[in-house]
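A.B. asks: missing the sequence, but the structure's below:
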């Protein structure tokens, strides 16, 4: 190709690419120096960079994960004026994220783009259909604690899931760890999961939806800030507009805390443990979720 034509093509591509970035993402990039947002090194240049992925599983590579840890991370953000039960839950969220982080490099986990292509370990879970949709249900006679532990632990069975189901199950396991198996079973006699949807059996024997998180604010289309987040809060990263309507349109994640420089640290299925409020795929939205402490206490009565 002639150099003049090549230069014109590059200019056109750059112009079109700029128009593909949403307005709030463009604003986030304006005025940055070489260290990106909030003075942090660009992704790919530090220990909490977006991990490389395995072509066979879609999960962050073992090499990328092995360099990451919670050393130097303050995981007690927002614990002032918090009940012991809520603090225990939020610490359990961090513990379960770390455990699941290890499973991501075990070869026992894959990202399932479509619900119908996903699978759970059938030793503990079975596929069921409700209102025309497939759910995964803890088998009759199987301990929910064993089923959730199998999902979280690196030594557990194989799973192929989406990021919503991953975070949902991590938070459910954290509730179980906090209230105990007996209390958890009384509130959720059965456990059915599909992405963020969780169903259990009501007192009259009918299926009812269970809200893993009771407090919600913001929305996925507005840019967000880590200000006010507490360890264990749910957050959502909105990906590039070209991904809208696809399984990769966003990333469900958990706020872990801050590093020694005060930079926010998050955890998600496809992006592992990372810091900052944007990556090459998306930007932190204002959507966030948290438990209702009173609801947690009621499970322990």
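C.D. replies: Nice, thanks for sending it over. Everything numeric in this text was worked out from a predicted model, so none of it was measured.
A.B. asks: got the contact list for the residue lying closest to residue 146 once chain neighbours are set aside?
C.D. replies: Using Cβ to Cβ, 6 or more residues apart in numbering and skipping the chain neighbours, the partner closest in space to residue 146 is residue 124 (6.3 Å). For every residue, glycine as well, the C-beta is placed using N, CA and C. Neighbour list for residue 124: 138-139, 142, 146-147, 150, 157 [criterion: Cβ atoms under 8 Å, 6 or more residues apart in numbering].
A.B. asks: ok, now with 7 Å
C.D. replies: Contacts for residue 124 (Cβ atoms under 7 Å, 6 or more residues apart in numbering) come out as 138-139, 142, 146-147, 150.
A.B. asks: So which of these belong to helices?
C.D. replies: Counting by DSSP state H, the part of these found in helices is 146-147, 150.
A.B. asks: can you put these in a markdown table and add neighbour count?
C.D. replies: Shown next, in a markdown table, are these (neighbours: other Cβ atoms under 10 Å):
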| residue | neighbour count |
| --- | --- |
| 146 | 14 |
| 147 | 24 |
| 150 | 21 |
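A.B. asks: CSV for those residues, including pLDDT?
C.D. replies: Below are the ones in helices among the contacts of residue 124 laid out as CSV (pLDDT from 0 to 100):
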residue, pLDDT
146, 97
147, 97
150, 97
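A.B. asks: How about the secondary structure of the residue nearest the centre of the chain?
C.D. replies: Among the residues of the chain, the one closest to the centroid is residue 253, at 2.8 Å (Cα atoms, centre = their mean). Under DSSP: H, G, I helix; E, B strand; the rest coil, residue 253 falls in the strand class.
A.B. asks: same question, residue 70
C.D. replies: Judged by three-state DSSP, the three-state class of residue 70 is coil.
A.B. asks: Would you check that it makes contact with residue 98?
C.D. replies: Yes - with contact defined as Cβ atoms under 7 Å, residue 70 reaches residue 98; the gap is 6.5 Å.
A.B. asks: mean confidence for stretch 120-140?
C.D. replies: Averaged across stretch 120-140, pLDDT comes to 95.
A.B. asks: do the same with stretch 270-290
C.D. replies: Average pLDDT, stretch 270-290: 86.
A.B. asks: what's the distance between that stretch and the middle of its chain?
C.D. replies: Distance of stretch 270-290 from the chain centroid (Cα atoms, centre = their mean, to the nearest Å) equals 9 Å.
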